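1. Structure for the following, please:
(one chain, ligands or ions: 1)
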Amino acid sequence: MKIVRTIACKLAPTDEQRTELDATCAAFAAACTFIADVARQEHTTNKVKVQHACYAEVRRRFGLSANLAIRAIARVCAARKVPAKMHATFAPTSVDYDARIFSFRAWDWTCSLTLLHTRARLATVLGDSQKARLQGQTPTSATLVKRRDGLYLLHVQITALPPMPRTPTATLGVDLGLRRVAVDSDAQRYEATEVQRLRAHYPKVRRSLQRKGTQEAKRLLKRLSGREARHMRAIHHTIAKRLVAQARTTRRQIALEDLTGIRQRTKVRKPQRYQHQSWAFYQLRQFVAYKAQDAGVPVVLVDPAYTSKTCHLCQHRGHRSGLTFSCTRCSVVMDADWNAAMNIAAAGAVVTRLEDASHESVKAAAL
Ligand SMILES: [Zn+2]
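-> Below is the predicted model:
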């Protein structure tokens, strides 16, 4: 299965190009608004029908190239198929591109875009990791985006085959929490005071999410903007990267608690912890999942029912108080999140029957 990744490339247009980019965004948005009216009148979201009804007029009226006109029609039809976007208005902040009107060149890191009056070659400002991901790729689609601060970005979509997941030899359990962002079964803590501050900053957002679940989380993540959300996103990226690197270098799979469907549970074992489950967790989990996929690290989800209250040594129920877990049977006293991470790791190993799998691979190696 191919995976699609979007790489946001910062553009460095000349003043002249910037004017032309602005004009293109404005014409594209105006065309979309016009097309939406036509689609409404024709009572259709079918691209072919809409194209038949207004293609020539769109080109004449807004001066778009043939393929930009097609892209505008495609955008409107796609938007009108989603009930929530049915009556969407189109702001002059983005333009869709396909392979005929866009190309990327890796030797000088420039891209070529069809604009309103011309085809322009634009310089980009890329980091090393972006260059590494774009190298050798032939992207077939992209979205030109104008940010609120006036910066132009080209969101380039690349498709690639993910590396074959490597057969893990053990499991790295990861407990995601509020006080510490993540604690793994190696007792590594991933803390970030900024994250806590930011998470505390959105109590309304959290409450709203708790009522509605992850679909809402997706929308909220989209809506959150500004410096703080970007900052937080960067921290989540860093933590996800470190977790995946740790699992990869030690040939382990990653186990996380399966929090989907938690709201349907009749008995929630850890109400205090789930209270804080939020869009931030959702974002961090998404980052771990896709970075793991890119790195060939398998991710397993485990039942969260007993992970925080069970002693990882003797499986007896223990007490959790603050950051400390204490077992009443074997009298171990340890970091509560670390104990949870150890339980998650053990459950993850059971999920994949890791013992069987590693036996198989030992047998295969012996043959
Ligand atoms: Zn114990």
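
2. now the helices for this structure?
-> For the chain, the helices defined by DSSP state H occupy 15-42, 47-62, 66-81, 128-134, 193-200, 203-212, 214-223, 227-249, 271-274, 279-295, 336-351, 354-366.

3. Let me know which of these is the nearest to the ion.
-> Of all the helices of the chain, helix 336-351 sits nearest to the ion, with 9.3 Å by Cβ to the ion. The way it works is simple: take the backbone N, C-alpha and C, and place the C-beta from them, glycine included.

4. before we move on, back to that, deepest in the core, which of the helices of the chain is it.
-> Most buried of the helices of the chain, by mean neighbour count (mean count of other Cβ atoms under 10 Å): helix 336-351, with a mean of 24.

5. close to the ion, is it?
-> No. Using Cβ under 5 Å from the ion, helix 336-351 never reaches the ion; the gap is at least 9.3 Å.

6. quick revisit: let me have the helices of the chain in a markdown table, extended by distance to Lys309.
-> As requested, these are exported to a markdown table (distance: least, Cβ to Cβ, whole Å):
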| stretch | distance to Lys309 |
| --- | --- |
| helix 15-42 | 54 |
| helix 47-62 | 54 |
| helix 66-81 | 46 |
| helix 128-134 | 40 |
| helix 193-200 | 23 |
| helix 203-212 | 21 |
| helix 214-223 | 25 |
| helix 227-249 | 24 |
| helix 271-274 | 10 |
| helix 279-295 | 19 |
| helix 336-351 | 9 |
| helix 354-366 | 24 |
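
7. Mind putting the ones you listed into CSV with mean pLDDT?
-> Converted to CSV, the helices of the chain look like this (pLDDT from 0 to 100):
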stretch, mean pLDDT
helix 15-42, 95
helix 47-62, 95
helix 66-81, 93
helix 128-134, 89
helix 193-200, 60
helix 203-212, 55
helix 214-223, 61
helix 227-249, 86
helix 271-274, 41
helix 279-295, 85
helix 336-351, 92
helix 354-366, 42
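
8. what about the residue nearest to Ile7 when sequence neighbours are not counted, neighbour count?
-> In space, and not counting its chain neighbours, Ile7 is closest to Val156: 4.9 Å by Cβ to Cβ, 6 or more residues apart in numbering. Applying other Cβ atoms under 10 Å, we find 24 residues neighbouring Val156.

9. Could you list which residues are in contact with the residue of the stretch 51-200 of the chain found nearest the ion?
-> Nearest residue of the stretch 51-200 of the chain to the ion: Ser185, at 16.1 Å (Cβ to the ion). Contacts were defined as Cβ atoms under 8 Å, 6 or more residues apart in numbering; by that measure Ser185 touches Thr171, Leu172, Gly173, Val174, Trp338, Ala341, Met342, Ile344, Ala345.

10. One more: Ala88?
-> Ala88 sits next to Ala36, Ala79 when contact means Cβ under 8 Å, 6+ apart.

11. how about the residues of this structure near the ion?
-> Residues of the chain lying near the ion (Cβ under 5 Å from the ion): Cys311, Leu313, Cys314, His316, Cys327, Arg329, Cys330.

12. mind giving me the domain split of this structure?
-> The chain breaks down into these domains under automatic domain parsing: 3-160, 170-366.

13. Endpoints of the first one, how far apart?
-> From the first residue to the last, domain 3-160 extends over 6 Å; the measure is Cα to Cα, to the nearest Å.

14. and the gap between the spatially most distant residue from the centre of the chain and Ala336?
-> Most distant from the centre of the chain: Arg329, at 42.3 Å, with distances by Cα atoms, centre = their mean. Distance of Arg329 to Ala336, computed by Cβ to Cβ, to the nearest Å: 16 Å.

15. mind pulling up the phi and psi values for the residue farthest from the centre of the chain?
-> phi -90, psi -60 (degrees, to the nearest 10).

16. Quick check: which ranges of the stretch 51-200 of the chain have low pLDDT?
-> Along the stretch 51-200 of the chain, segments meeting pLDDT under 70 span 178-179, 192-200.

17. okay, now Val333: neighbour count?
-> Neighbourhood size, Val333 [other Cβ under 10 Å]: 12.

18. who are the neighbours in contact with it?
-> Contacts for Val333 (Cβ under 8 Å, 6+ apart) come out as Thr324, Phe325, Ser326, Cys327.

19. got a winner among those residues for most neighbours?
-> Phe325 (24 neighbours).

20. Compute the distance from the centre of stretch 47-63 to the centre of its chain.
-> Distance of stretch 47-63 from the chain centroid (Cα atoms, centre = their mean, to the nearest Å) equals 34 Å.

21. Please save the CA atoms from it in PDB.
-> Listed next in PDB are the C-alpha coordinates belonging to stretch 47-63 (Å, rounded to 0.1, in the frame of the first residue of the first chain):
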ATOM      1  CA  LYS A  47     -17.400  17.000 -12.500                       C
ATOM      2  CA  VAL A  48     -18.200  16.100 -16.100                       C
ATOM      3  CA  LYS A  49     -21.600  17.800 -16.000                       C
ATOM      4  CA  VAL A  50     -20.300  20.900 -14.200                       C
ATOM      5  CA  GLN A  51     -17.400  21.100 -16.700                       C
ATOM      6  CA  HIS A  52     -19.800  20.800 -19.600                       C
ATOM      7  CA  ALA A  53     -21.900  23.600 -18.100                       C
ATOM      8  CA  CYS A  54     -19.300  26.200 -17.400                       C
ATOM      9  CA  TYR A  55     -15.700  25.300 -18.500                       C
ATOM     10  CA  ALA A  56     -15.500  27.800 -21.400                       C
ATOM     11  CA  GLU A  57     -17.100  30.600 -19.400                       C
ATOM     12  CA  VAL A  58     -14.700  30.000 -16.400                       C
ATOM     13  CA  ARG A  59     -11.700  30.300 -18.800                       C
ATOM     14  CA  ARG A  60     -13.100  33.400 -20.500                       C
ATOM     15  CA  ARG A  61     -14.200  35.200 -17.400                       C
ATOM     16  CA  PHE A  62     -11.400  34.500 -15.000                       C
ATOM     17  CA  GLY A  63      -8.500  34.000 -17.400                       C
END
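
22. Done for today, thanks.
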